[in-house]
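[1] how would this look folded up:
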Amino acid sequence: MTEPIPATTRARLPASVRAMRPKQWVKNVLVAAAPVAAGTLLDPRVALTTLGAFVTFCLASASIYLINDVRDVESDRLHPKKRLRPIAAGELAHSTAVGLSAVTGAASLALGFWIEPLLGVTLAVYWLFQVGYSLFLKNQPIIDLAMVAAGFLLRAIAGGVASGIQLSQWFLLVASFGSLFMVAGKRYSEMRELGPDAGTRASLARYTDSYLRFAWTMACTAVIMSYSLWAFEQSGDSTPWQLPWHAISIAPFTLALMRYAYVVDTGEAGEPEAVVMSDRLLQGLAIAWAVPVAVGVFG
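    Numbers count the residues shown, from 1 in each chain. Presented below is the predicted three-dimensional model:
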């Protein structure tokens, strides 16, 4: 039996909504990456399809979170934070969670195919990958990194296919290695926080600190290099006041990655969305990066 969670810790949102993890939907903002990079986000049609893509991924990720929490209910009860999730805490029945997962998954696919067939295909691939990860692959080292990183990458791709934007090689490289950086950093933080033998994630027992550090260091280096090459290429175009705005953005972009890497190294990046929403320095660097990019792209 699960020990009841004290009433003071209960959130005001219904358990069914909290089980869909709305706080983690911030990850789905990645669908705006391609339209921003292409400088088309301010186009009303592109803005509308991007918003639609965001909604579809919120529904799809909610479906996956429900499946994942039903699948991992026993291990979640061993985790200091995950034990508070509605399913692990006994606030939401397994059958109800599975039903909600089916509804949100179907709604996501229906809306995605209605907006753009390729968006629907991307969502279907995302859903299948993540279900496979949740049911079979999450305890396989390296494969689990690849599957979670693929989820981030597919979000970035979805924003492009939803609006018919051609994705550049640099965009795909930044998105791919950026996803790997986030996921490897997440695993490293989990290991630092919980230890490899905590029992909450079997794959952690097969990793070492040095391997995960190698993975996120390699990915971070590749992200900075790919982004810099893209920025230098873009700075060759005519820009406001004849300043290389994209190249200027490299500095805050690199500092933001360094700040996030610092948080990873302290073992506090187990939930990337929580880091983004709470770290004021990281938010400031994000604004410092967004301003020259916005001037360069939309100016």
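[2] how close does residue 112 sit to residue 58?
    Going from residue 112 to residue 58 by CB to CB, to the nearest Å gives 12 Å. (Each C-beta comes from the backbone N, C-alpha and C, glycine too.)
[3] Sorry, slip of the keys, the one I care about is residue 289.
    The spacing between residue 289 and residue 58, counted by CB to CB, is 25 Å.
[4] Residue 121: neighbouring residues, count only.
    Residue 121 sits with 15 neighbouring residues when counted by other CB atoms under 10 Å.
[5] One more: residue 82?
    One way to gauge burial is a neighbour count; for residue 82, by other CB under 10 Å, it gives 18.
[6] Skip the chain neighbours and tell me the closest residue to residue 264.
    residue 185 (3.8 Å; CB to CB, 6 or more residues apart in numbering).
[7] in terms of contact, does that neighbour touch residue 216 like I think?
    Yes: with contacts counted by CB atoms under 8 Å, residue 185 reaches residue 216, the gap being 4.6 Å.
[8] shared neighbours of those two, anything?
    In the contact map built from CB atoms under 8 Å, 6 or more residues apart in numbering, the residues linked to both residue 185 and residue 216 are 261, 264.
[9] domain ranges for the chain?
    For the chain, the structural domains run 15-167, 173-299, going by automatic domain parsing.
[10] highest average neighbour count across those?
    Ranked by mean neighbour count, the domains of the chain are led by domain 15-167 with a mean of 19 (mean count of other CB atoms under 10 Å).
[11] Just checking the distance from that domain to the centre of its chain.
    Relative to its parent chain, domain 15-167 has a centroid offset of 9 Å by CA atoms, centre = their mean, to the nearest Å.
[12] Next, the distance between the ends of that domain.
    For domain 15-167, the first and last residues are 39 Å from each other (CA to CA, to the nearest Å).
[13] related to what we said a few turns ago, what is the helix or strand containing the residue nearest to residue 264 packed up against?
    Take DSSP states H and E as the rule and residue 185 turns out to sit in helix 169-194. Applying 3 or more CB pairs under 8 Å, 6 or more residues apart in numbering; DSSP states H and E, one finds that helix 169-194 makes contact with helix 33-38, helix 143-163, helix 209-234, helix 250-265, helix 272-278.
[14] Identify whichever of these lies nearest to residue 130.
    Taking CB to CB as the criterion, residue 130 comes closest to helix 143-163 out of the helices and strands packed on helix 169-194, the separation being 5.8 Å.
[15] Give the helix, strand or coil label for residue 141.
    Remark: residue 141 carries the secondary structure label coil [criterion: DSSP: H, G, I helix; E, B strand; the rest coil].
[16] if I look at the residue nearest to it when sequence neighbours are not counted, how far off is residue 277?
    In space, and not counting its chain neighbours, residue 141 is closest to residue 206: 4.2 Å by CB to CB, 6+ apart. Using CB to CB, residue 206 is found at 31 Å from residue 277.
[17] ditto for residue 139
    Noted for residue 139: a distance of 28 Å to residue 277, by CB to CB.
[18] hang on, isn't residue 266 packed against residue 192?
    Yes: Residue 266 is in contact with residue 192 according to CB under 8 Å; the separation is 7.5 Å.
[19] Could you name every residue contacting both of these two?
    Between them, residue 266 and residue 192 have no joint contacts when contacts are counted by CB under 8 Å, 6+ apart.
[20] report the angle between the axes of the helix holding residue 185 and helix 250-265?
    With axes from the mean of the first three to the mean of the last three CA atoms, to 10 degrees as the basis, helix 169-194 and helix 250-265 are set at 30 degrees to each other.
[21] picking that back up, Throw the domains of the chain into a markdown table and include mean pLDDT, thanks.
    Below are the domains of the chain laid out as a markdown table (pLDDT from 0 to 100):
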| stretch | mean pLDDT |
| --- | --- |
| domain 15-167 | 88 |
| domain 173-299 | 83 |
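[22] host element of residue 66?
    Remark: residue 66 resides in helix 44-71, with elements defined by DSSP H and E.
[23] got the angle between that helix and helix 143-163?
    Interaxial angle, helix 44-71 versus helix 143-163 (the same axes, to 10 degrees): 150 degrees.
[24] I'd like the next helix or strand past helix 44-71.
    Sequence order places helix 73-76 as the next helix or strand after helix 44-71, per DSSP H and E.
[25] Just the CA trace of that next one, in PDB.
    Listed in PDB are the C-alpha atoms of helix 73-76, where the atom choice follows Å, rounded to 0.1, in the frame of the first residue of the first chain:
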ATOM      1  CA  VAL A  73       4.400   3.100 -10.600                       C
ATOM      2  CA  GLU A  74       6.400   0.900  -8.300                       C
ATOM      3  CA  SER A  75       9.800   2.500  -9.000                       C
ATOM      4  CA  ASP A  76       8.300   6.000  -8.800                       C
END
